[in-house]
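# Structure of the sequence below:
(6 chains, ligands or ions: 12)
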Protein chains: 6
Amino acid sequence: DFDYALENDVKPAFGRSDESLNRFLTRGMIVWGPEVTQIVEEGSLLADTVKNPENSGFRSAVLAGAPKTGKTSLAAQIAKSSDFPFVKVISPEDTVGFSESAKCMALKKAFEDAKRSKLSVLLIDNLERLIDYHPVGPRYSNLVIQALLVLLNSPPPAGHRLLVLATSSDRSFLRDMGLMDVFGSVIDIPKLSTADQMMNVIQESNIYSDDQLPLIEHKLRSFVEGKMWVIL
Amino acid sequence: DFDYALENDVKPAFGRSDESLNRFLTRGMIVWGPEVTQIVEEGSLLADTVKNPENSGFRSAVLAGAPKTGKTSLAAQIAKSSDFPFVKVISPEDTVGFSESAKCMALKKAFEDAKRSKLSVLLIDNLERLIDYHPVGPRYSNLVIQALLVLLNSPPPAGHRLLVLATSSDRSFLRDMGLMDVFGSVIDIPKLSTADQMMNVIQESNIYSDDQLPLIEHKLRSFVEGKMWVIL
Amino acid sequence: DFDYALENDVKPAFGRSDESLNRFLTRGMIVWGPEVTQIVEEGSLLADTVKNPENSGFRSAVLAGAPKTGKTSLAAQIAKSSDFPFVKVISPEDTVGFSESAKCMALKKAFEDAKRSKLSVLLIDNLERLIDYHPVGPRYSNLVIQALLVLLNSPPPAGHRLLVLATSSDRSFLRDMGLMDVFGSVIDIPKLSTADQMMNVIQESNIYSDDQLPLIEHKLRSFVEGKMWVIL
Amino acid sequence: DFDYALENDVKPAFGRSDESLNRFLTRGMIVWGPEVTQIVEEGSLLADTVKNPENSGFRSAVLAGAPKTGKTSLAAQIAKSSDFPFVKVISPEDTVGFSESAKCMALKKAFEDAKRSKLSVLLIDNLERLIDYHPVGPRYSNLVIQALLVLLNSPPPAGHRLLVLATSSDRSFLRDMGLMDVFGSVIDIPKLSTADQMMNVIQESNIYSDDQLPLIEHKLRSFVEGKMWVIL
Amino acid sequence: DFDYALENDVKPAFGRSDESLNRFLTRGMIVWGPEVTQIVEEGSLLADTVKNPENSGFRSAVLAGAPKTGKTSLAAQIAKSSDFPFVKVISPEDTVGFSESAKCMALKKAFEDAKRSKLSVLLIDNLERLIDYHPVGPRYSNLVIQALLVLLNSPPPAGHRLLVLATSSDRSFLRDMGLMDVFGSVIDIPKLSTADQMMNVIQESNIYSDDQLPLIEHKLRSFVEGKMWVIL
Amino acid sequence: DFDYALENDVKPAFGRSDESLNRFLTRGMIVWGPEVTQIVEEGSLLADTVKNPENSGFRSAVLAGAPKTGKTSLAAQIAKSSDFPFVKVISPEDTVGFSESAKCMALKKAFEDAKRSKLSVLLIDNLERLIDYHPVGPRYSNLVIQALLVLLNSPPPAGHRLLVLATSSDRSFLRDMGLMDVFGSVIDIPKLSTADQMMNVIQESNIYSDDQLPLIEHKLRSFVEGKMWVIL
Ligand SMILES: Nc1ncnc2c1ncn2[C@@H]1O[C@H](COP(=O)(O)OP(=O)(O)OP(=O)(O)O)[C@@H](O)[C@H]1O
Ligand SMILES: Nc1ncnc2c1ncn2[C@@H]1O[C@H](COP(=O)(O)OP(=O)(O)OP(=O)(O)O)[C@@H](O)[C@H]1O
Ligand SMILES: Nc1ncnc2c1ncn2[C@@H]1O[C@H](COP(=O)(O)OP(=O)(O)OP(=O)(O)O)[C@@H](O)[C@H]1O
Ligand SMILES: Nc1ncnc2c1ncn2[C@@H]1O[C@H](COP(=O)(O)OP(=O)(O)OP(=O)(O)O)[C@@H](O)[C@H]1O
Ligand SMILES: Nc1ncnc2c1ncn2[C@@H]1O[C@H](COP(=O)(O)OP(=O)(O)OP(=O)(O)O)[C@@H](O)[C@H]1O
Ligand SMILES: Nc1ncnc2c1ncn2[C@@H]1O[C@H](COP(=O)(O)OP(=O)(O)OP(=O)(O)O)[C@@H](O)[C@H]1O
Ligand SMILES: [Mg+2]
Ligand SMILES: [Mg+2]
Ligand SMILES: [Mg+2]
Ligand SMILES: [Mg+2]
Ligand SMILES: [Mg+2]
Ligand SMILES: [Mg+2]
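Ligands and ions are numbered 1, 2, ... in the order given. From the prediction side, this is the model:
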């Protein structure tokens, strides 16, 4: 029926596109350092490669980093900037308590929907949760991993173009589970670490008034440089 | 349908609110030491943070301590003091003998109900029982843990505010099962340990008449100080 | 529906009370030594504590000892002497071949029935069989243990009083399976060990005629004292 | 319904009695040595004990020995000689490919049927097969073992008498699987080992004509005594 | 119903007899050495024993050897030569993808069908596949092994005669899985190893013309003797 | 029914033949070195052997090599060049999320369909995915492996000819999973390694214009020879 759909030019089941991405971008994107720009550009380049008719039209990347470093936001930002007409998100929130095979089916359907459109981006958020990974054992859903391995390895039909973006914890998880080589590229997401970076976030988020900022900055720098007594 | 409910202002399925908390508070709260006040205040602060429109409106905390130290009572007390209009309790008593997926669904529904209200507190009592943890093996329900990890990581929709309080045995369990970083904060619940603390409980609970108290106190102090022969 | 039942004063499903206990007491109770009296008195005390309106009205104890030492008879005796209007027995014979979840449900129902009455005693015979314990592996039903842990930890509603008596093999099993602290108290059931104790049983059970007794006693004493040649 | 049946004197579902035992006794019983007589007498004694109204009316024994030593035939012989009106056989051939719970139910039903009669013998042939035991792992059906442990431990109702005979491989299996103390007694079945014993079998089974026997005996004795060259 | 069938002389469901064996014998049987004759004769002897009314009428043997050594062909040859009226084959090809219990049922039915006839041979091809054996783990179907152990141990009813022939890889597999003593005898199937044996196969299979044979033989002998350069 | 189909000359369910192969051959086949020609010729030889009426008409081979080395393309190329009227492809994409038994059935059906035709080629792409192999554990579907072992070992009926081509990662996987001896031959697929080979691919794929090629070649050679600074 998939082939049938392709031949008869069945309209792709349009994702909630911008809407589905916006839920990850409510706070806006603060450029707290050149790292942020660089990551978004790397994503932009990937999107261009997918669009370029001289290329195979199929790329995948995984954004890997510590918890709460902005992996999901950045992936959503890249997906949004790509301006592809079809956007599909697979988020663990949508599959809570699903059986292994129900997850496989959701995953399969997402890829099929994405491939039905001429130019699609598919965002697979939080690989650990998707495969029900838990380090005690370890336990994981082999069925879902197998589906992932197959789907990430099968390009869309000729003339159709697909960018797959995934998020995950750091590289060691990907390596342990044999998922490292499955993605075309791995984009590392760094933590905020310097006082400058933190000040950028504080300034842009408008939490403090302008006259509070110098004191905040002073305390923050002292703290990061180990002079903790300043804060006390 | 969740989105639909939000948009059409469907009334949240009101929890049995006070009623559901009161079953944990039948004995009243005895302030046997400053620790008790401190814990309740810490909870109060959390509730205020959630209410504060300048914050993200989503916080979670786990009360961890030895058996019968008052974890559940204290969590219930905090929930009650918060005066949030919607209160939901997930207690192991309600899910005895549930299958893994039935537990997941109960958990999912509790979060959905809580998020449907503007200001909610969700009390998840006894994490060990919720995930069917048993140290021989060890055995646990990975499906329930996965659901917990996802749900504790997904904030309510904009304008909705949620405080999640959980109880659990001590930190080593949380650490072993990878649940430590899942909660925004861990509140340690201490045991009664000094004779003063115990006397506070004895006095306030009116078990003994006033003229019995001096002897009780004498025996108790001797016991705690290791002079066990006094009791004989 | 449980709450409904409580509020509308639904009659508890009366257990077969005396009838259900009598099947464990067909032989009568021989007091072969002060140990027997002591155990029954300990049980009597527990029953009084449960009845006492000044207490919480919820107590549990496990009788632990070697095979065939009388654990079940003694538990039944205590339950009978308590003279509580509602008696419920959970015996492995009633759940042979039950699935794990069927056992959980039977357990849950027993507790619910018991809590529906104002004053109940619940006898859980043979914990090893209830949880399908086998030392090779070891194997056990985690689902049933979880149910047990929850049910033994949730008091009856206000004004209702419940005594739970369980039997089990010795303390090492309870310790290994993490069931030691689940019961309010552990009552050790000793083996018959001295010739006096054995003679008490022989005399009271009327197996031998009075003139046979001196010879029996002589042989028995010699045997217990290691003079085995006397018997030959 | 069991109680109902007892009270209303429902006729026991009569086993195929002699018929069911005869399939194990087609060859007749050759008394190749005093061991055989002794085993049958030991069984006879057990049957008498069960019949004796002064006793509890419930005994169980397991016949343990190497493959093809005659365990099943001897158990059948004992059952037949007991002359009990009700005989029930549980043989692995009847439960080939049964699920664990189907086996439990068959076992439970066999015991119930047996207990419904006033005087019954129940023959459980081949415990290893009944519990699906395989040494690689090891694997076994815990569900069936649990049923066995319960059923072998619950006496028939007052006035009803039951002898349970089981067969199994040697004591090490019983010990490893914790089944040793479950039976009231263990009867070891020896192998044929001396030339005299073997000659008894050969003579009584009429395989050779009388004039062939001396040569056979000569060869056999030489072989057993290690003088193998005689046979060549 | 089996007993019923026997008594009422229900016709056995006739196997496809010769037809079912012929699929293993399409190439004919080349006697490449005395080993082949010897194996077929050993089988012939077994068949005679089964036919002999003085014997028990029940024998089983397993042909064990390396892959492609002719185990299945030889077993089929023996079955065919036996000239028994009823022939039944259980081949892994017929049970591909069957569940464990479906395999058990197929096995059980094959034995029942075979026992319904007066004189039957049952060929169980490829024990490893029948029990789903895989060395990584190892994994195997305990349910099928249990069925096999029971069925191979239960003789046909009086007057009915049955020869069971099985094939399997070498003795180490049989030993590891505890299947060694289950068969009455183990017949080792050797590999072709000498140049003479190989030349016999080559000549009889008519692959080469008569004038090619001397050169082939020269090369083959050199190869087997380690003079590999001759072939180059 | 299979036999029925054969006898009644039922038309084979024709595979999408060329169509099904073409999806693996969209880019054309670049002969980047004699290795490519050699592999295709090896496949050609295999196809000829299958066609040759003097042979058994049943061959299988597995193409093994690192990811993205062209295993699937080369297998498809060989299948296409063979010019067999019936072509069937089993690709992991078609069985994403299938249960173990559904995979078995798909596999079985593919073989049956292929054997129904006089001259067939069956391409089994990606054995790892087919058997749901994952190195952590390791985990795999024993049911599918068993089916594979049986089906790869059972020749088509007389007069029917079948070539089975499979692809898989390198030999270590095949060896570990005991699949090495299951295929008639293993064809190793090499990686591109020399600058010459890479230049062949670049030239034939027309990515760069002719005047760009010398610079590309210079850089590539320097890179392969370790002079990385040239590229910078
Ligand atoms: N560059 C940024 N500018 C503004 N807000 C940001 C930025 N990066 C992250 N955030 C905010 O920080 C929070 C965490 O970000 P996000 O959920 O994307 O991180 P994550 O790495 O995916 O987290 P998790 O490990 O939980 O999946 C979000 O509220 C997000 O809006
Ligand atoms: N501060 C307190 N004042 C009065 N009663 C208290 C106090 N703390 C605990 N209790 C009482 O002690 C008992 C145990 O308390 P609670 O159930 O809250 O402890 P817990 O740590 O949750 O126990 P568990 O480990 O079984 O979950 C309850 O009856 C409770 O009412
Ligand atoms: N004090 C006693 N007086 C008379 N009979 C007794 C006494 N103690 C035990 N018995 C008898 O001994 C037998 C075993 O007792 P019971 O079943 O209570 O022991 P148990 O420890 O529960 O055994 P098990 O380990 O099998 O559960 C019963 O027949 C019981 O009637
Ligand atoms: N004392 C005996 N007299 C005559 N025949 C005997 C005797 N003992 C055993 N047999 C015969 O030997 C065979 C094996 O006996 P039986 O099946 O009782 O042994 P078993 O120990 O139960 O074997 P298994 O280990 O297979 O269960 C049967 O045919 C039986 O009739
Ligand atoms: N003695 C023989 N004469 C002629 N052909 C033979 C002989 N032995 C084996 N073959 C042929 O060799 C091939 C393999 O034989 P067969 O299938 O019987 O071996 P096997 O040991 O059962 O193999 P497997 O290990 O795959 O089960 C078949 O085609 C068979 O016809
Ligand atoms: N010789 C070749 N000429 C042209 N293109 C080739 C050649 N070999 C491989 N390719 C191309 O390289 C890509 C990978 O090839 P293919 O999928 O056949 O490799 P594979 O080894 O099967 O990969 P996988 O490990 O993912 O299964 C495909 O796009 C294919 O068209
Ligand atoms: Mg994220
Ligand atoms: Mg608690
Ligand atoms: Mg007992
Ligand atoms: Mg036997
Ligand atoms: Mg074979
Ligand atoms: Mg491939």
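# Spatially nearest residue to the residue positioned nearest the centre of chain A (excluding sequence neighbours)?
Geometric centre of chain A, nearest residue: A:A75, 3.4 Å, by CA atoms, centre = their mean. Spatially, and ignoring its direct neighbours in sequence, A:A75 is nearest to A:L165 (4.7 Å; CB to CB, 6 or more residues apart in numbering or on different chains). Bear in mind the C-beta positions are built from the backbone N, C-alpha and C, glycine included.
# Quick one: low-confidence residue ranges for chain A.
Along chain A, segments meeting pLDDT under 70 span A:1-18, A:228-232.
# now the helices for it?
Along chain A, the segments classed as helices by DSSP state H run A:2-7, A:17-22, A:34-51, A:71-82, A:100-116, A:127-130, A:142-151, A:171-176, A:195-204, A:213-224.
# list the contacts for the closest residue to A:K118 other than its chain neighbours?
Nearest-residue entry for A:K118: A:H160, 5.8 Å, with adjacent residues in sequence omitted and distances by CB to CB, 6+ apart. Residues near A:H160 by CB atoms under 8 Å, 6 or more residues apart in numbering or on different chains: A:57, A:115-120.
# Same list, the residues you listed, but as CSV with neighbour count and distance to E:K71 please.
Below are the contacts of A:H160 laid out as CSV (neighbours: other CB atoms under 10 Å in any protein chain shown; distance: CB to CB, whole Å):
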residue, neighbour count, distance to E:K71
A:G57, 21, 53
A:K115, 24, 49
A:R116, 21, 52
A:S117, 22, 56
A:K118, 15, 58
A:L119, 19, 59
A:S120, 27, 55
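# and ligand 1, which of these reach it?
Among the contacts of A:H160, proximity to ligand 1 is found for none (CB under 6 Å from any ligand atom).
# Pull the most distant pair out of those residues.
Farthest pair in those (CB to CB) is A:G57 and A:R116. Separation: 14.1 Å.
# Dump the helices of chain A into JSON lines; add distance to C:P155 as well.
Listed next are the helices of chain A as JSON lines, based on distance: least, CB to CB, whole Å:
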{"stretch": "helix A:2-7", "distance to C:P155": "58"}
{"stretch": "helix A:17-22", "distance to C:P155": "47"}
{"stretch": "helix A:34-51", "distance to C:P155": "55"}
{"stretch": "helix A:71-82", "distance to C:P155": "44"}
{"stretch": "helix A:100-116", "distance to C:P155": "39"}
{"stretch": "helix A:127-130", "distance to C:P155": "37"}
{"stretch": "helix A:142-151", "distance to C:P155": "42"}
{"stretch": "helix A:171-176", "distance to C:P155": "44"}
{"stretch": "helix A:195-204", "distance to C:P155": "50"}
{"stretch": "helix A:213-224", "distance to C:P155": "49"}
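# which one of those helices lies closest to ligand 2?
Nearest to ligand 2 among these is helix A:127-130 (28.2 Å), distances taken as CB to the nearest ligand atom.
# From chain D, how far out is A:I124?
According to CB to the nearest CB, to the nearest Å, A:I124 and chain D sit 38 Å apart.
# scratch that, A:V164 is what I was asking about
Taking CB to the nearest CB, one finds A:V164 at 42 Å from chain D.
# related to what we said a few turns ago, any idea which of the contacts of A:H160 is closest to ligand 5?
A:K115 (42.1 Å).
# Next up, the contacts around the residue in chain A positioned nearest to ligand 5.
Nearest residue of chain A to ligand 5, counting by CB to the nearest ligand atom: A:Q146, 29.3 Å away. Residues near A:Q146 by CB under 8 Å, 6+ apart: F:92, F:96, F:129, F:132, F:134.
# pretty sure the third one contacts F:P92?
So that's F:R129. Yes - F:R129 lies in contact with F:P92 (CB atoms under 8 Å); the separation is 3.6 Å.
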